[in-house]
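Participant: Sequence plus the predicted model coming up.
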Amino acid sequence: MRLLTKFILTTVAIFLMLAIALSAVSTLWINQNTIRDAQHRVEVAIRWAREAFNQKNRDAHQVLAVAAQNELLRDFLDNPRDPKLAAAVQEKFNNFRLQYHMDLLNIVSADGTVLLRTRPPFNSGDDISDNPFIRHVLLNGKSIEGTIVLSRSALAREGESLLERAVDATGEPNGMFTGTAVPVMRGGKLIGIISSGILINGNNDFIDTIRDAVSYGDYYKGRSVGTATIFMGDKRIATNVVGNKAGRATGTAASAEVADMVLLRGRSWSGRAWVVDAWYLSYYEPLRDPDNNLIGMLYVGELEEKYRDIRFKAVASVVSVIFVAMLLSIAMFILIARSILEPVGKLRDATARLIKGERSARVTEEFGGEMGDLTRSFNNMADDIEKHTAEIERKQCELAALNNELEMTNRNYIDMLGFISHELKNPLASAVLSLHTVKDGYLGELNDKQKKGLDNVAESLDYFKELIRSYLDLSKLEKGDYVINRRNTALKNAVIDPAIQGLTEEIRRHHMTLDIGVHDDTVVDADPDLLRIVYDNLIGNAVKYGREGGAIRLREKVRDGRQVFSVYNEGAGIPREKMDMLFKKFSRIYSQDTAGKRGSGLGLYACREIVRKHGGDIWAESEPGKWVEFSFEIG
């Protein structure tokens, strides 16, 4: 084994071990940090969720604080038996409740008796001084906001449909309310209380507002990235977690582990949790009423799958970079090894003498391995130079004659290309017609295997037909047979529509959308037949190389006083370094996205020649990975 080979294998082994070690360390670091960052995001999210939850109460408190200053309300509290005042307050505050989307809005006396409810059937006269909101205001004379649970009987007294809503949503006869109570004062004395509440049971808008404050309603692979839930006890009463039956998972219970930590111990719980049908990074926080009793939980969660995918992509990127760096380093070390192992000094001196005209310059030392091969090759080369010097001059004379022969051969090639393509055109058309007659069942029903086989034959014939058309166009272009017959041409009706008609089925098969932004009355001074070739190629390429389900747009605009027409499609686009290959004869750009898509490499060349014959220009613009647009103008 040669020394250089040993050096290369040793270097590869060392760098491979380093790459594997670095990949392992990087993967471990990414795994730890991705999950840690995701969990931190959930911890931030619970604070946002709590803030959104409390904001509802603060908003209601601000509204009631203003309402408590209303003189009509104060007059009613001073004279609750006045029917006119009662009717006026009933109407005003019922509208007030509806305006601010409250489920209940009550006027209570200074001893805790309900004077007026704004929700039908407008029950009154019962004592609700045991209500935590009312009791707090009565004891302290200050406003309060928070969350409470009302019993079945209390729900029934508060107004129609509240009990039904609670039961229908969660199966629970109790109702959880978030709300506030504000004292009404006159002359420093408490004369009444105004209180409001929003029923949380089954309140989708309420819980979605909290969810959107956390994750903006984003979805990932069909699932909500962020979820939020409010529990009454251990039961979900408002949630945007989707259940197994595609509806919201209200009425379902939290896990025993979570309920024990939050509801029994009064502590928050965070971690990885299975929520109905997927893993979520979750955070549960206790909910307490104004008396500090544990009455439920507030939950937020982030879909774990999103972070797993982010972690996978990050690991793949890091590992790819490491291995690419390894390959580059190996290549560099190989170059260094060659420079060390090759005694180039002798060759350099001999080469310098040979350049100066010393035809007898040779390397006389004997070297083994690659160096021996190289010196022998150099000596052989010097012998050949000496032998062929005279022959070079003779062949220079022959080159001129050979060039003339090549020009004649090229003309013969073009003539033959046009003749063969023309002769094949009609038989091929007949073969295509016969094939479709059989494939479409006119000669008898075909089974699936036969249809599939004929579909493959049809695809090959279509490619062959496109190839013949391209070669016919090339032959005519090379020979100058295309004569421009310019006339006023309705671009859309005479050129674009016929071009699209032949591609409609393929556009539909690829689920593409076609947007034609060329006006019906657009007229150009051009040869319609040649312009049809241009649009056939540009639209055909857009369909062939465009993204499945992508958009194709045909546009017209004016640039520097000249009409510019373009064909745009969404797709892989063209890398900047390969733009120079466009519009060249037999030039095709190969990439992962064009693999398996056949073409002659002549379409864009034909487009350029036709546009130039019209005194115009054609060019392409692209954003790799997103889109490509071909534009041309006619002189």
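Facilitator: Cool, got the structure.
Participant: Is residue 153 part of a helix or strand, or is it coil?
Facilitator: Each residue gets one of three states, and residue 153 gets helix by DSSP: H, G, I helix; E, B strand; the rest coil.
Participant: Quick check: residue 628 touching residue 621?
Facilitator: Yes. The criterion here is Cβ atoms under 8 Å, and residue 628 meets it with residue 621 at 7.4 Å. Any C-beta I mention is one placed from the backbone N, CA and C, and that applies to glycine too.
Participant: More neighbours: which of these two?
Facilitator: For residue 628 versus residue 621, neighbours defined as other Cβ atoms under 10 Å are more numerous around residue 628 (22 against 14).
Participant: For the stretch 101-250 of the chain, which segments count as strands?
Facilitator: Under the criterion DSSP state E, counting those that start in this stretch, the stretch 101-250 of the chain carries strands at the ranges 104-109, 114-117, 144-150, 175-186, 189-199, 219-220, 223-224, 226-232, 235-239.
Participant: Comparing those strands, which comes out most buried?
Facilitator: Neighbour counts (mean count of other Cβ atoms under 10 Å) averaged over each of the strands of the stretch 101-250 of the chain peak at strand 226-232, with a mean of 26.
Participant: mean confidence for that one?
Facilitator: Across strand 226-232, the average pLDDT comes to 87.
Participant: Return the list of helices and strands in contact with it.
Facilitator: For strand 226-232, the contact count by 3 or more Cβ pairs under 8 Å, 6 or more residues apart in numbering; DSSP states H and E identifies helix 3-67, helix 204-215, strand 235-239, strand 278-288, strand 294-303 as packing neighbours.
Participant: Recalculate using a threshold of 10 Å.
Facilitator: helix 3-67, strand 144-150, strand 175-186, helix 204-215, strand 235-239, strand 278-288, strand 294-303 (3 or more Cβ pairs under 10 Å, 6 or more residues apart in numbering; DSSP states H and E).
Participant: what's the overlap in contacts for residue 628 and residue 621?
Facilitator: Common neighbours of residue 628 and residue 621, using Cβ atoms under 10 Å, 6 or more residues apart in numbering, are 568, 573, 574.
Participant: CA-only coordinates of the helix or strand hosting residue 622, as PDB, when you get a sec.
Facilitator: In this assignment (DSSP states H and E), residue 622 forms part of strand 617-623. Once non-C-alpha atoms are left out, strand 617-623 reads as follows in PDB (Å, rounded to 0.1, in the frame of the first residue of the first chain):
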ATOM      1  CA  ASP A 617     -35.000  40.300 -26.000                       C
ATOM      2  CA  ILE A 618     -35.900  37.500 -23.500                       C
ATOM      3  CA  TRP A 619     -34.600  37.000 -19.900                       C
ATOM      4  CA  ALA A 620     -35.300  35.100 -16.700                       C
ATOM      5  CA  GLU A 621     -35.600  36.100 -13.100                       C
ATOM      6  CA  SER A 622     -35.800  33.700 -10.200                       C
ATOM      7  CA  GLU A 623     -35.800  33.200  -6.400                       C
END
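Participant: Give me the distance between that strand and the centre of its chain.
Facilitator: Average the C-alpha atoms of strand 617-623, do the same for its chain, and the two points are 25 Å apart (Cα atoms, centre = their mean, to the nearest Å).
Participant: list the buried ones in that strand?
Facilitator: Within strand 617-623, the residues that count as buried by 16 or more other Cβ atoms under 10 Å are 618, 619, 620, 622.
Participant: Redo these as CSV? Include pLDDT.
Facilitator: Rendered in CSV, the data for the buried residues of strand 617-623 read as follows (pLDDT from 0 to 100):
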residue, pLDDT
618, 93
619, 94
620, 93
622, 93
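Participant: Most widely separated two among the residues you listed?
Facilitator: Greatest spatial distance in the buried residues of strand 617-623: 618 and 622, 14.1 Å, computed using Cβ to Cβ.
Participant: Nearest residue to the middle of the chain?
Facilitator: residue 220 (10.3 Å; Cα atoms, centre = their mean).
Participant: Can you tell me the SS state at the closest residue to it other than its chain neighbours?
Facilitator: Nearest residue to residue 220, sequence neighbours excluded (Cβ to Cβ, 6 or more residues apart in numbering): residue 306, at 4.7 Å. Using three-state DSSP, the secondary structure recorded for residue 306 is helix.
Participant: List the buried residues for stretch 136-145?
Facilitator: 136, 137, 138, 143, 144, 145.
Participant: Which member of the buried residues of strand 617-623 is positioned nearest residue 88?
Facilitator: For the buried residues of strand 617-623, the closest approach to residue 88 (Cβ to Cβ) belongs to residue 622, at 71.1 Å.
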